[in-house]
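S.K.: based on what follows, work out the 3D shape:
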Amino acid sequence: MSQSTLEMTKELVLGQLRSGMLSPEGMQEALRRVFQNLLELKSREEAELPLSAADTALAQADWRQSITRYSVTCLECGRTFKQLSYKHLRQHDLDGRSYRTKYGIPRTQPLSARVTTARRRQIMLETKPWERAPAYIKGQATKAAAAKKAGKKKGTRRR
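M.R.: You can find the predicted model right below:
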């Protein structure tokens with residue numbers, strides 16, 4: 001007995017929720033997206049079109065819609081994550097650069113959810129790891145020495 005498209009959609013999204021691959025906030029969007037993809041696949045199957053046509057339709061999806069507040073959807077397989085890791089992209093024989101090139105994503109666009117990117121930015125501003133870098137410390141010492149030397153020259157004028 002075959003399932004209806006709605007039942008399959010429900011089971012797929014519930015499976016993603018249970019496994020932790022999908023946040024509860026992204027559930028409605030995932031339901032819509034999965035349902036539309038299943039309907040498209042069903043119509044292609046009835047029209048007896050090859051599955052590669054469905055794959056190209058998925059590949060042409062707008063990358064801006066794949067990056068949301070709480071998740072990022074892999075345009076290769078349709079799975080959702082908080083970030084597209086190097087390990088996941090290797091499963092598709094891609095890296096960050098080739099993935100961005102393939103889908104027309106700008107080089108500076110992070111492949112992570114907006115909340116994740118914002119949190120990382122906040123952590124960087126709080127910890128300021130560049131201030132502990134040897135080159136930065138050396139540069140600050142040189143700058144302080146130059147300022148001290150310039151201060152001595154200003155204070156001692158010859159008449």
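S.K.: buried residues in stretch 136-156?
M.R.: Buried residues in stretch 136-156, counted by 16 or more other C-beta atoms under 10 Å: none are found. In short, each C-beta sits where N, CA and C put it, glycine included.
S.K.: again with stretch 105-116
M.R.: For stretch 105-116, by 16+ other C-beta under 10 Å, it's 105, 110, 111, 112, 113, 116.
S.K.: measure residue 40 to residue 47 for me?
M.R.: Look at residue 40 and residue 47: by C-beta to C-beta, to the nearest Å, they are 11 Å apart.
S.K.: all strands of this protein, in order?
M.R.: 72-73, 80-81 (DSSP state E).
S.K.: out of the ones you listed, which is closest to residue 136?
M.R.: strand 72-73 (31.9 Å; C-beta to C-beta).
S.K.: list the contacts of that closest one.
M.R.: Around strand 72-73, the neighbours that count as contacts under C-beta atoms under 8 Å, 6 or more residues apart in numbering are 33, 65-67, 79-84, 111-113.
S.K.: re earlier: which of the strands of the chain is buried the deepest?
M.R.: Highest mean neighbour count of the strands of the chain: strand 72-73, a mean of 22 (counted as mean count of other C-beta atoms under 10 Å).
S.K.: any idea of the mean pLDDT in that one?
M.R.: Across strand 72-73, pLDDT averages out at 92.
S.K.: pLDDT wise, what is residue 52 at?
M.R.: Residue 52 is assigned a pLDDT of 54 by the prediction.
S.K.: hmm, which helix or strand of the protein has the shakiest average pLDDT?
M.R.: One helix or strand of the chain scores below all others by mean pLDDT, DSSP states H and E: helix 51-59, with a mean of 50.
S.K.: can you pull out the low-pLDDT segments for this structure?
M.R.: 1-2, 48-61, 152-159 (pLDDT under 70).
S.K.: can you redo the strands of the chain as TSV with distance to residue 122?
M.R.: TSV is the format used below for the strands of the chain (distance: least, C-beta to C-beta, whole Å):
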stretch	distance to residue 122
strand 72-73	19
strand 80-81	20
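S.K.: residue 17: which of those is closest?
M.R.: strand 80-81 (10.6 Å).
S.K.: packing partners for the closest one?
M.R.: strand 72-73 (3 or more C-beta pairs under 8 Å, 6 or more residues apart in numbering; DSSP states H and E).
S.K.: what about the helices in the chain?
M.R.: With DSSP state H as the criterion, the chain has helices at 5-19, 27-46, 51-59, 63-66, 86-91, 96-103, 114-127, 134-155.
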